[in-house]
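Visitor: Sequence first, predicted model second:
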Amino acid sequence: MRQPKIIVVGGGLAGLMATIKVAEAGVPVELFSIVPVRRSHSVCAQGGINAAKNTKGEGDSPWKHFDDTIYGGDFLANQPLVKAMCEAAPAIIDLLDRMGVPFNRTPEGLLDFRRFGGTLYHRTAFAGATTGQQMLYALDEQVRRFEAEGKVHKYEGWTFLSAVLDEQGICRGICAMDLKSMQVRTFSADAAIFCTGGIGAIFGRSTNSVVCTGSAQSALFQQGVHYANGEFIQVHPTAIPGEDKFRLMSESARGEGGRVWVPRQPGDPRPPKSIPESERFYFLEEWYPKYGNLVPRDVAVRAIHKVVFELKLGVEGQPAVYLDVTHLPRELLDRKLEGILEIYEKFLGVDPRVQPMKVFPAMHYTMGGLWIDDENQATNVPGIYAAGECEYHYHGANRLGANSLVSCLFGGMLAGPAAVRYARNLERGADAVPVSVFEREQRRQEEINERLLRQDGKENPITIWKEMGEWMTEHVTVVRYNKNLERTDQKLQELLERYRHINLSDRTKWSNQTLNFARELYNMLILARVITLGALRRNESRGAHYKPEFPERDDANWLKTTRAIYDCGNIRFEYDPVDVSLIPPRPRRYDVQ
Amino acid sequence: MAETKTVLVHIKRQLAPDQKPYWEEFELSWRPFMNVIILLREIAERPVTREGKVTTPVAFDANCLEEVCGACAMRINGKARQACSALVDQLEQPIRLEPLSKFPVVRDLFVDRSRMFENLKRMKAWVPIDGTYPLGEGPRMAPEVQQRAYPLSRCITCGNCLEVCPQVNERSDFVGAAIINQVRLFNLHPTGAMHKRERLEAVMGPGGIHDCANAQNCVKACPKGIPLVESISEVNRDAIRQAIFGWLFG
Amino acid sequence: MAASGASTNHREYFWRKLHSFTGIFPIGAFLAEHFWSNSYVLVSVEKYNEVSRGLQTIPWRVPLEALLIWLPILFHGGYGVYLWWKGKSNVLDYPWMANWMYTLQRWTGLVAFVFIGWHVYTERFLTQGRSTYADVERALSDPLYFWLYIVGVVATSFHLGNGIWNFLCKWGIATSARAQRGAAWFGALVGATFTMVGLAIVLGVRFDWKPFEFYTLPRQ
């Protein structure tokens, strides 16, 4: 029998899990990652991973997890796979535990669980406040073991440029660039799994890592892979604003008892600790008595916006609210939250165990992503699979905290075996594809590089990127107006025009980060348009997508999956019905008892 | 008269591994909460030296910018640390930026630390599981053991502990504290402990634990406060035990 | 390490551990004995010569000396030079306490090795193994030799004291930060004691200082 070969692009949680699954099936894997996989963005996930193990006698169950996820996502997610994910979650935790993830323990030596947003149950397993880091390391170690056995070959320091598609439009491999030598090369494979993560860089500053540009998704989109629900962008309520990025302050701070408040008196100049309880406005607890500080993220973000911009109650008149953990015992803080408190302390020089933290919402996650089918994580292009944040399937219109880690792993667990099945059943493997198909793609990509290096204009890629980020953050995050969305799209088109005149300040051919960034920038601009246009068209409010002009959810017209399609340089939209066969949509109200 | 505050930066540049390093000076306008990453990005947007010479953006490695991915380690004013958490206001000027000296330079401040990952492979730094299929729950673990293992597991492979170690240099292939710490971590895990012997064998191999000479710089340089000295000592104890008993009775 | 690991090469580990071990035993132990018996110079010339003579006439003297003193010192010193060459001190960049200790350990080792080599050559071989108080006194009357002895004694004592701390840490006897602090104090105490005793011996001979001479006087 022909031995198939599979490529995985992206070495975060989803990519590593897919790699493990493929290697375990006895199929060789080539794993591509811009950074050493141990430095992938999954490392930043803090609070934990959800699984209804019901260890606290609360009567939690996978069905309740499923219901919370669907309800939290405002019924936009296709339900069967979400249900399967919630059912698989307890076993996923067990697997991670077996791999050695140092989850916090109860006195009995069992896994401990904490509360998170959008649920009333203790459902979130955690390893201090660096759960993603711990999980990423565990998977990285398993992959390293396969690597030592010769089953996995890693290409770290390579960036994905494009898929290699044959005459029938079937994916036969990828084209990638070595970020040291800048060499462009094609790699043949029978299937490719994309686990290329988030798109934060499109918004300039976000909670995401530098590599989260969405460039790979956009490149695939431009090659015919559909992009779904792009307009659903999660803004996280509690981050520390910074010039280079917004640093996340995990929801777990609230899950462990942290409280969000502002002084009742606008612009109150007193230091926070000297403001008496009665003069503090715990607005989340007052407005949402049942969930309190643990309402879903979109709800919390809009509440903070209201407090800061409408009620003008931001701390010291600035766009900031207090996230307060100073009332919690120091021992608990150090045991369960040290990782994040340390970040605050290092970057701001203030000890959050003593002083309330000043936080503000920041772009955090994309619910939307590459379109995949209802069972195999397969995109619409044969041979291309996707898992993790880069696909759209699991979170609907808003993701619940601690669900991303579980969706990454579940997606990877499905995508790996599905790609193996597909590759084994292929009649004609990639090795039978004429060399010319690969040569053509390589040539096309080399030409892009040559053009960029030759080009002589006045525009600077970083300036264009900053402008894009400012516009996207201002108009396409928390509150969206159609007029502004239209203006943003015009701006993006203007930036695309200006992009044609960029001048690379570095024209060398070795480790040229400017060239790579310029390539990514183009892809970001295209994806930014997909997001903006998707938001413009969706005239309703649902989950993270909020339009004051259309404040209600509109199931009659918009209980639909957005599907963006790239058509000869134009972005076209189609809409699919959402599979709501298991839980009928009901109004989403976190403010009622 | 209000004068604009500026930041002076000296950067050691090197275009490629086989090229000669040289220094360049930059002067940037100061803003609050600046860190070294912001400095480098500003230079990238306007790569002009202090003398007005047009140059190329500075290549550097960075990813998470919150000191958890380990990418942006470099020498800042002579000290190995993460660039993201190096706040300009806390640094003496001119700020000197140099690549880590114990790893091959790729370009400018970008170095190749793949050696660390290779050594993790050699030390079998993993919990060998039978497979990812459902095999039930993991081993029970006392909270106290978890509290001991977790800090060890926060190593971000930044390489600072190797950079500051006098025993890591071109005459010695010492694996360094980070790697030995991982041996301890996996020997601590109930399943990992089943393969303790293999890891100890490896850590007694060339460039292994015996190359540590107790300068204890590692623990001072670790941005994550990992008790590296304690880790090395514990692995030492297990190794010597295995060496003696393996030798006498093996 | 013959039994363990056919695949991994443990040769260096073995030599390294042997190096570390020989520093304490027999070298450290011999140094203690040497300082002890030399302390008789602080009692009286006769007593010193008597003890010396006693040691110089033990049975199996040469093979014992070779096995317990010369070979271990040659190995510890010789291999030590190789280790000194392999390490690259960076104490000027990172001026931390333990880093200073690391650097000093290397240089004092080198100094001690040279000093001991010269000391053995002059006092053991040139005297054909029959060195007396007079030989030592003659040597120390030369200011250059006197200062060589001072430096040699201090370097050797430091090297031993710090070496004991290293040994306790590197053999996993003192593992926790607290235990290592304790081990450091212990090492410091050993080093300080050896320095004081060693200097007392050198000064005793040089300045004919016999603080314990009254032991030999008859009862009043």
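Guide: In hand now; what should we look at? Residues are numbered from 1 along each chain as shown, chains lettered A, B, ... in the order given.

Visitor: Return the set of buried residues in stretch C:146-163.
Guide: C:146, C:148-150, C:152-163 (16 or more other CB atoms under 10 Å in any protein chain shown). (Glycine included, C-beta is placed from N, CA and C.)

Visitor: What about residue 60, how many residues nearby?
Guide: Let's take chain A. A count of nearby residues for A:Asp60, using other CB atoms under 10 Å in any protein chain shown, gives 21.

Visitor: that's the wrong chain, I meant chain C
Guide: 8.

Visitor: quick one on the thing from earlier: for C:Leu189, state which of the buried residues of stretch C:146-163 is nearest.
Guide: Closest approach between the buried residues of stretch C:146-163 and C:Leu189, by CB to CB: C:Gly161, at 7.5 Å.

Visitor: Look at the closest one and give its secondary structure.
Guide: helix (DSSP: H, G, I helix; E, B strand; the rest coil).

Visitor: confidence score at B:Gly250?
Guide: As predicted, B:Gly250 sits at a pLDDT of 53.

Visitor: wait, I meant B:Phe245
Guide: Value for B:Phe245, per-residue pLDDT: 86.

Visitor: any idea which helix or strand carries it?
Guide: Assigned by DSSP states H and E, B:Phe245 falls within helix B:228-249.

Visitor: Which neighbouring elements make contact with that helix?
Guide: In terms of contacts (3 or more CB pairs under 8 Å, 6 or more residues apart in numbering or on different chains; DSSP states H and E), helix B:228-249 is packed against helix B:177-188, helix B:196-203, helix B:217-221, helix C:11-22, helix C:143-170, helix C:177-206.

Visitor: Which residues belonging to that helix are considered buried?
Guide: B:228-240, B:242-243, B:246.

Visitor: chain center to the longest strand along chain A: distance?
Guide: Identified as the longest strand of chain A according to DSSP state E is strand A:357-366. How far strand A:357-366 lies from its chain's middle: 13 Å, per CA atoms, centre = their mean, to the nearest Å.

Visitor: With stretch A:69-85 instead?
Guide: 17 Å.

Visitor: next one: stretch A:49-62
Guide: In terms of CA atoms, centre = their mean, the centre of stretch A:49-62 is set 25 Å apart from its chain centre.

Visitor: swap in stretch C:173-189?
Guide: Here the centre of stretch C:173-189 is set off from its chain's centre by 20 Å, with CA atoms, centre = their mean.

Visitor: can I get the CA coordinates of that stretch in PDB?
Guide: The C-alpha coordinates for stretch C:173-189 follow below in PDB (Å, rounded to 0.1, in the frame of the first residue of the first chain):
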ATOM      1  CA  ILE C 173      23.700  16.200  49.900                       C
ATOM      2  CA  ALA C 174      22.600  19.700  50.300                       C
ATOM      3  CA  THR C 175      19.800  20.300  47.800                       C
ATOM      4  CA  SER C 176      17.300  22.900  49.000                       C
ATOM      5  CA  ALA C 177      18.300  26.500  49.100                       C
ATOM      6  CA  ARG C 178      18.300  26.400  52.800                       C
ATOM      7  CA  ALA C 179      20.500  23.300  53.000                       C
ATOM      8  CA  GLN C 180      22.900  24.900  50.500                       C
ATOM      9  CA  ARG C 181      23.100  28.000  52.700                       C
ATOM     10  CA  GLY C 182      24.000  25.800  55.600                       C
ATOM     11  CA  ALA C 183      26.600  23.900  53.500                       C
ATOM     12  CA  ALA C 184      28.100  27.300  52.500                       C
ATOM     13  CA  TRP C 185      28.500  28.300  56.100                       C
ATOM     14  CA  PHE C 186      30.000  24.900  56.900                       C
ATOM     15  CA  GLY C 187      32.400  25.300  54.000                       C
ATOM     16  CA  ALA C 188      33.300  28.800  55.100                       C
ATOM     17  CA  LEU C 189      34.000  27.600  58.600                       C
END
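
Visitor: now the helices for chain B?
Guide: Under the criterion DSSP state H, chain B carries helices at the ranges B:36-45, B:114-122, B:143-152, B:160-163, B:177-188, B:196-203, B:217-221, B:228-249.

Visitor: Not counting its own residues, what contacts the last one?
Guide: Looking back up the chat, that one is helix B:228-249. B:152, B:161, B:177-178, B:180-181, B:183-185, B:187, B:196-197, B:200-201, B:203-204, B:209, B:212, B:216, B:218-219, B:222, C:1-4, C:10, C:13-14, C:17, C:169-177, C:180 (CB atoms under 8 Å, 6 or more residues apart in numbering or on different chains).

Visitor: can you give me the angle the helix holding B:Phe245 makes with helix B:177-188?
Guide: 60 degrees (axes from the mean of the first three to the mean of the last three CA atoms, to 10 degrees).

Visitor: Name all residues that make contact with B:Arg154.
Guide: B:Arg154 is in contact with A:Gly128, A:Thr130, A:Gln133, A:Gly339, B:Lys224, B:Ile226, counting by CB under 8 Å, 6+ apart.

Visitor: isn't there a helix covering the first one?
Guide: Pointing back at A:Gly128 there. No - under three-state DSSP, A:Gly128 sits outside any helix and is assigned coil.

Visitor: Quick check, A:Asp166 in contact with A:Ala432.
Guide: No - A:Asp166 is beyond contact range of A:Ala432, at 9.9 Å (criterion: CB atoms under 8 Å).

Visitor: More neighbours: which of those two?
Guide: Neighbour totals were compared for A:Asp166 and A:Ala432, and A:Asp166 leads with 20 against 12 (other CB under 10 Å).

Visitor: For A:Pro548, grab the count of nearby residues.
Guide: The burial count for A:Pro548: 9, using other CB under 10 Å.

Visitor: B:Arg31 too?
Guide: 12.

Visitor: A:Ala544 versus the spatially closest residue to it that is not a sequence neighbour, what's the distance?
Guide: Nearest non-adjacent residue to B:Arg31, counting by CB to CB, 6 or more residues apart in numbering or on different chains: A:Glu243, 6.9 Å away. Distance, A:Glu243 to A:Ala544, by CB to CB, to the nearest Å: 25 Å.

Visitor: Read off the pLDDT value for C:Ser7.
Guide: For C:Ser7, pLDDT reads 57.

Visitor: A:Ala129 touches A:Asp334, doesn't it?
Guide: No - if you go by CB under 8 Å, A:Ala129 and A:Asp334 don't touch, sitting 10.4 Å apart.

Visitor: Point me to the residue of chain A nearest chain B.
Guide: Per CB to the nearest CB, A:Asp97 is where chain A lies closest to chain B, at 3.0 Å.

Visitor: so where is the chain shaky, pLDDT-wise?
Guide: Assuming you mean chain A. Counting by pLDDT under 70, chain A has low-confidence residues at A:1, A:593.

Visitor: hm, I was asking about chain C
Guide: Where chain C drops to pLDDT under 70, the residues are C:1-7.

Visitor: redo that, cut-off 90
Guide: Across chain C, residues meeting the criterion (pLDDT under 90) sit at C:1-9, C:218-220.

Visitor: List, one by one, the residues from the stretch 251-400 of chain A near chain B.
Guide: Applying CB under 8 Å from any CB of the partner chain, we find that the stretch 251-400 of chain A lies next to chain B at A:Arg335, A:Gly339, A:Ile343, A:Lys346, A:Phe347, A:Leu348, A:Gly349.
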